[in-house]
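In: need the 3D shape of this:
(chains A and B)
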Amino acid sequence: MNSALRFAILLAALVFTWLAWSGLFKPLLLGLGVVAVSLTLWLSARMGLLRREVFALDLTPRMFGFWAGLLVDIVKSNFVVARIILSPSLPISPCMIRLQPPLPGQVGRATLANCITLTPSTVTVDAHRGVFLVHCLTRESARETLDSDIGERLHRALGDR
Amino acid sequence: MSWLDWVSAVLATGGGLFVLVGGIGALRMPDLYTRMHASSLTDTLGSMLILLALALQAGVSLATLKLGAIGLFLLFTSPISSYALGNAALLSGHEPVGERLDGEGGE
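Out: Just a heads-up that it's a prediction; the model follows:
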């Protein structure tokens, strides 16, 4: 993807965002939109965002499959954690695990770390040099995270990014 | 009330319950890290169900688009702020209760 194409995509996204957020087509607001969009594009270019590959949001069908699977995991573990919280004995067994996900790229690692955190009962507290430190609420959730193939699934969906 | 209102009411009540349970959990848990697990109920299913209920009330409109955007941004920003909080606690030497279990892929 060259920088002209990135510029065009960013321009389209910003214009769409402004119009959708305001929903008003008065000259003053459109004028302010032009100023805001131009300023953002200028700043992005100055920061070098058009030269590098920075579009972390991947909208391929494979990623949609991955997000759907993640959503199911999130809903399931919400119920698990809610049950733990509401049990009078508070059956937790907190522990810390170390994971080395099979992801070579920064986008993939950041995405996986955030997916682990999004799922209740596991929080990524460190992701230094590709080794994750994950705090788990129970031993079962630790075991599930260690046995989970979410890293492989993300790798397949995202590639080497 | 139409059936859509009923669905929306059920979703909003469910979301509110998850927010409540997240709050109860944050009070019951023993240390910072375990409290973060409780509050992630509020961040995920709690906010998603409430936003979904509001979207059903708003119908097909610009407001629904904005609600969807809020949901999407929450899903991106809440794990990042959790990471910042957990990482800062860890780096400043705040030891979690419980044990350390190393995975097969570790070291």
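
In: quick one: buried residues of the lengthiest helix in chain B?
Out: Longest helix of chain B, by residue count under DSSP state H: helix B:62-91. Buried positions in helix B:62-91, judged by neighbour count with 16 or more other CB atoms under 10 Å in any protein chain shown: B:64, B:66-67, B:71, B:74-75, B:78-79, B:82-83, B:85-87, B:89-90. Where C-beta positions appear, they are placed from N, C-alpha and C, glycine not excepted.

In: now do stretch B:20-40
Out: Neighbour-count burial for stretch B:20-40, counted by 16+ other CB under 10 Å, picks out B:21-23, B:25-26, B:28-29, B:33-40.

In: ditto for stretch A:100-118
Out: Going by 16+ other CB under 10 Å, stretch A:100-118 has these buried residues: A:101, A:103, A:107-118.

In: take the buried residues of stretch B:20-40 and keep only those in helices.
Out: Short answer: the buried residues of stretch B:20-40 in helices (DSSP H) are B:21-23, B:25-26, B:28, B:33-40.

In: which of those residues are close to chain A?
Out: B:Val21, B:Gly22, B:Gly25, B:Arg28, B:Tyr33, B:Thr34, B:Met36, B:His37, B:Ala38, B:Ser40 (CB under 8 Å from any CB of the partner chain).

In: and the second one, how far from A:Thr145?
Out: Going back to what we said before, that points to B:Gly22. To A:Thr145, B:Gly22 is 20 Å away according to CB to CB, to the nearest Å.

In: which residue sits closest to the most centrally placed residue in chain A, ignoring its sequence neighbours?
Out: The C-alpha lying nearest the average C-alpha coordinate of chain A belongs to A:Thr111 (CA atoms, centre = their mean; 4.6 Å). Among residues not flanking A:Thr111 along the chain, A:Leu154 sits closest, at 6.3 Å (CB to CB, 6 or more residues apart in numbering or on different chains).

In: any idea which helix or strand carries the one you found?
Out: Secondary structure assignment for A:Leu154, by DSSP states H and E: helix A:150-158.

In: pull that helix out as CSV, backbone CA atoms only.
Out: Only the C-alpha atoms of helix A:150-158 are listed here, as CSV (Å, rounded to 0.1, in the frame of the first residue of the first chain):
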residue,chain,number,x,y,z
ILE,A,150,-6.4,-18.4,20.3
GLY,A,151,-2.8,-17.5,19.4
GLU,A,152,-2.8,-19.9,16.5
ARG,A,153,-6.3,-18.8,15.4
LEU,A,154,-5.2,-15.2,15.5
HIS,A,155,-2.0,-16.1,13.6
ARG,A,156,-4.0,-17.8,10.9
ALA,A,157,-6.4,-14.9,10.6
LEU,A,158,-3.9,-12.1,10.7
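
In: what's that helix in contact with?
Out: Residues from elsewhere that reach helix A:150-158 (CB atoms under 8 Å, 6 or more residues apart in numbering or on different chains): A:58, A:60, A:62-63, A:65-66, A:69-70, A:73, A:99, A:101-103, A:105, A:107-108, A:111-112, A:115-116.

In: how about the helices in chain A?
Out: Using DSSP H, helices in chain A cover A:3-22, A:27-46, A:61-86, A:106-118, A:139-147, A:150-158.

In: using a markdown table, lay out those helices together with distance to B:Thr13 and mean pLDDT.
Out: Supplementary listing: the helices of chain A in a markdown table, determined by distance: least, CB to CB, whole Å; pLDDT from 0 to 100:
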| stretch | distance to B:Thr13 | mean pLDDT |
| --- | --- | --- |
| helix A:3-22 | 29 | 87 |
| helix A:27-46 | 37 | 92 |
| helix A:61-86 | 14 | 89 |
| helix A:106-118 | 23 | 88 |
| helix A:139-147 | 27 | 88 |
| helix A:150-158 | 31 | 84 |
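
In: looking at the ones you listed, which is nearest to B:Val60?
Out: Nearest of the helices of chain A to B:Val60, taken as CB to CB: helix A:3-22 at 13.5 Å.

In: got the angle between the closest one and helix A:27-46?
Out: 150 degrees (axes from the mean of the first three to the mean of the last three CA atoms, to 10 degrees).
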